[in-house]
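1. Below is the sequence, then the predicted model.
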Amino acid sequence: DVKVTQSSRYLVKRTGEKVFLECVQDMDHENMFWYRQDPGLGLRLIYFSYDVKMKEKGDIPEGYSVSREKKERFSLILESASTNQTSMYLCASSLEQAAGALHFGNGTRLTVT
Amino acid sequence: AQSVTQLGSHVSVSEGALVLLRCNYSSSVPPYLFWYVQYPNQGLQLLLKYTSAATLVKGINGFEAEFKKSETSFHLTKPSAHMSDAAEYFCAVSAGGSYIPTFGRGTSLIVHP
């Protein structure tokens, strides 16, 4: 089974801090994604990556950046955390030809105070 | 452009009753369609997918969905609900085989004893 591992289940940070969310997949998938999940809004795509060092903005990239230096690892960075970034963050991966069939991690619930 | 509308943010059924979760999509090209399930404190898990083969798709845990092009629908059904089916369900679409799905806002399934 594909495993997508997010480094933290729960995280509490202060406003203005730089925050790193880490995600690792073990199945050599080309594509990796970061979503945020908020009640009533479903999943919204922040960034995705289709190859090492390649990244594309999703629907809500403002306030976020990403890094993919190795194929298996995709990091989400909040340059200066704000309270409106309190959310559940979900990482996912997929094969290049998987056409939308994603494998998700268990999520990181981030609270910014 | 692609989008998904899930009708009903909450659906409540009795144990043993039929489960019907509604999803309508919009896509300018032939879509791939997906249903995902999210149990409490977990990430999303793929239930089933439609990728232009048979219009009736069977998934895990007894769920199935039927692609109806004329109605632009992909409703999820299960003949008999179990307590363990209580979860959040997300419909998603990727247009023309794009590897980036767009998710609906989710439907919370509540199962009463």
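-> Cool, the structure landed. Numbers count the residues shown, from 1 in each chain, chains lettered A, B, ... in the order given.

2. Please make it C-alpha for all contacts and neighbour counts, starting now.
-> Will do.

3. In chain A, spot the strand with the most residues.
-> Using DSSP state E, we find that the single longest strand of chain A is strand A:42-51.

4. near chain B at all, that strand?
-> Yes. Strand A:42-51 comes into contact with chain B (CA under 8 Å from any CA of the partner chain), by way of A:42-44.

5. Relative to A:Cys23, how far out is A:Glu96?
-> Plainly put, A:Glu96 is 18 Å away from A:Cys23 if you go by CA to CA, to the nearest Å.

6. List the beta-bridge partners for A:Lys70.
-> Using DSSP bridges, the beta-bridge partners of A:Lys70 come out as A:Arg73.

7. Centroid-nearest residue for chain A?
-> Centroid check for chain A by CA atoms, centre = their mean gives A:Trp34 as the closest residue, at 2.8 Å.

8. same check, this time on chain B
-> Short answer for chain B (CA atoms, centre = their mean): B:Trp35, at 3.6 Å.

9. what helix or strand is it on?
-> Assigned by DSSP states H and E, B:Trp35 falls within strand B:31-38.

10. what pairs with that strand, and is each one parallel or antiparallel?
-> Partners of strand B:31-38 in the sheet, by DSSP bridges, are strand B:44-50 (antiparallel), strand B:87-95 (antiparallel).

11. How about residues contacting the shortest one?
-> To tie it back to what came earlier, the one meant is strand B:44-50. A:101-106, B:32-38, B:57-60, B:63-65, B:67 (CA atoms under 8 Å, 6 or more residues apart in numbering or on different chains).

12. Make a PyMOL selection of the buried ones in those residues.
-> Here is the PyMOL selection string for the buried members of the contacts of strand B:44-50, based on 16 or more other CA atoms under 10 Å in any protein chain shown:
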select buried, (chain A and resi 101+102+103+104+105+106) or (chain B and resi 32+33+34+35+36+37+38+57+58+63+64+65+67)
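
13. Kind regards, and thank you for your time.
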